[in-house]
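Engineer: All I have is the shape, not the residue letters:
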């Protein structure tokens, strides 16, 4: 090693070493890029954590002891100060992990883990959760139902629809109770209105259809928001009654990353306004078989989008079309997961996009823009349809407020049909 450090720039062996190193590094980068979208037939278990070292250790020990199905473990540390980083370093090769230098909130840590995940199914676990014998199989069984979007277990201290009374409190007793309970309730399941994020399981297809968690919401509201968006795809939430896990939920708020500013307290209602009304409106239209539906059906057409790259796309006809040329219309930034929701179409010229975005390709001007009804509700015009815009956040998030806006009477919509509502994008504060 001493000889290596003494080599000078002109040394042939040193130059060969550098060339070989650089070539190997480039090959490694290429291999990583090629394998980034490769999946494995197993479950990615994502654990966001913050200053919960002992609980994280207990959680990981329980996963190792009680998880028989193929899986990988991903831990995202939200800038802990309790030695979590050193502990994760000691597990190198056993778990995949990322130690963040700043606290990005619970939703932000979940999103980072989801971005890293490679499994066909995805599980979210709180570090305050200890899994039990045969915990994963009943959850997986729930997802065999094509109408199921997400599954969760029952637990002590969970509250809501998932909480059950447990006569024991000590960890060993709880494991004995879990073994008895899980064997007693195999295959039992029921629907729920909301599932808690201390233990969640969903297919990769669900994640790709719904997208990332909203980082602009408090942890509890981000959880509610994700549940709502899953239900808006027409999928059901399932409780696997054959899976009991231990959850010390009363301590969760002390360690988990929080977004506690006053600004965020009402963000959920700003985003959804009347969540039950919008959910019922979407489910009613899905139930009546109105057109082909996917999560992207709740996003507008005739808008410009861009992912992490520099390519801009025009969205129309359920497809994204790469734009050739310079544009002056606004472009909405989306995540790579959202970008992949639209299949790719043929390239389109920038001048054509400019005309279509402003509705100038139609002499009547009714092919694009915002129609304001007499009751004050806003609707985005998309060809022969008009689509309710949920609220100002949806309007401005998609840059629709910059389109032509017209006051219209109800009868002027004769001959058009009402499409799915347009919902806001989740707020993402990272490059995903």
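Structural biologist: On my side now, so go ahead. As the structure is a computational prediction, the values presented were derived from the model and not from experiment. Numbering: from 1, shown residues only.
Engineer: use CA for all of it now, contacts and neighbours both
Structural biologist: Fine.
Engineer: Buried residues of stretch 396-404, list them for me.
Structural biologist: 397, 398, 399, 400, 403 (16 or more other C-alpha atoms under 10 Å).
Engineer: how far does that stretch stretch from start to finish?
Structural biologist: 13 Å (C-alpha to C-alpha, to the nearest Å).
Engineer: I'd assumed residue 385 was in contact with residue 418.
Structural biologist: Yes - between residue 418 and residue 385 there is a contact at 5.6 Å, judged by C-alpha atoms under 8 Å.
Engineer: chain center to the helix or strand harbouring residue 55: distance?
Structural biologist: Following DSSP states H and E, one finds residue 55 within helix 53-66. On the basis of C-alpha atoms, centre = their mean, to the nearest Å, helix 53-66 is displaced by 25 Å from the centre of the chain it belongs to.
Engineer: same check, this time on stretch 163-172
Structural biologist: With C-alpha atoms, centre = their mean, you get 32 Å for stretch 163-172.
Engineer: what does that stretch contact?
Structural biologist: 154, 155, 156, 157, 158, 174, 177 (C-alpha atoms under 8 Å, 6 or more residues apart in numbering).
Engineer: repeat that with 7 Å
Structural biologist: The contact list for stretch 163-172 (C-alpha atoms under 7 Å, 6 or more residues apart in numbering) reads 154, 155, 156, 157, 174.
Engineer: Quick check: of those residues, which has the highest neighbour count?
Structural biologist: Within these, most neighbours by other C-alpha atoms under 10 Å means residue 155, with 26 neighbours.
Engineer: Name the nearest residue to residue 296, ignoring sequence neighbours.
Structural biologist: Distances taken as C-alpha to C-alpha, 6 or more residues apart in numbering place residue 341 nearest to residue 296, at 6.5 Å, with adjacent residues excluded.
Engineer: Any idea how far apart the tips of stretch 175-191 sit?
Structural biologist: 25 Å.
Engineer: Could I get the buried residue list for that stretch?
Structural biologist: 175, 177, 178, 179, 181, 182, 186, 187, 189.
Engineer: Phi and psi next, for the last one.
Structural biologist: The phi/psi pair for residue 189 (degrees, to the nearest 10) reads phi -150, psi 160.
Engineer: Centre-most residue in the chain?
Structural biologist: residue 212 (2.0 Å; C-alpha atoms, centre = their mean).
Engineer: From what I see, that one and residue 112 are in contact.
Structural biologist: No - using C-alpha atoms under 7 Å, residue 212 is not in contact with residue 112, being 9.3 Å away.
Engineer: and the residue nearest to the centre of the chain, what does it touch?
Structural biologist: Contacts of residue 212 by C-alpha under 7 Å, 6+ apart are residue 111.
Engineer: cutoff 10 Å now
Structural biologist: 107-108, 110-112, 114-115, 226, 335, 337-338, 425-428, 432 (C-alpha atoms under 10 Å, 6 or more residues apart in numbering).
Engineer: out of these, which are inside strands?
Structural biologist: Counting by DSSP state E, no part of the contacts of residue 212 is found in strands.
Engineer: Tell me the buried residues within the residues you listed.
Structural biologist: Here, 16+ other C-alpha under 10 Å leaves 107-108, 110-112, 114, 226, 335, 337-338, 425-426, 428, 432 buried among those.
Engineer: got any ranges where the stretch 1-150 of the chain has weak pLDDT?
Structural biologist: Low-confidence segments of the stretch 1-150 of the chain (pLDDT under 70): 1-15, 17, 21, 24-37.
Engineer: tell me the helices in it, going along the chain?
Structural biologist: Secondary structure of the stretch 1-150 of the chain (DSSP state H, counting those that start in this stretch): helices at 2-5, 12-35, 53-66, 84-90, 105-116, 136-142.
Engineer: residues making contact with the fourth one?
Structural biologist: Translated: helix 84-90. The contact list for helix 84-90 (C-alpha under 10 Å, 6+ apart) reads 49-54, 56-57, 75-79, 94-100.
Engineer: redo that, cut-off 7 Å
Structural biologist: Here helix 84-90 makes contact (C-alpha under 7 Å, 6+ apart) with 53, 99.
Engineer: buried residues in it?
Structural biologist: Buried, per 16+ other C-alpha under 10 Å, within helix 84-90: 84, 85, 88.
Engineer: I'd like the residues you listed as a markdown table, with distance to residue 372 appended.
Structural biologist: Below are the buried residues of helix 84-90 laid out as a markdown table (distance: C-alpha to C-alpha, whole Å):
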| residue | distance to residue 372 |
| --- | --- |
| 84 | 54 |
| 85 | 54 |
| 88 | 55 |
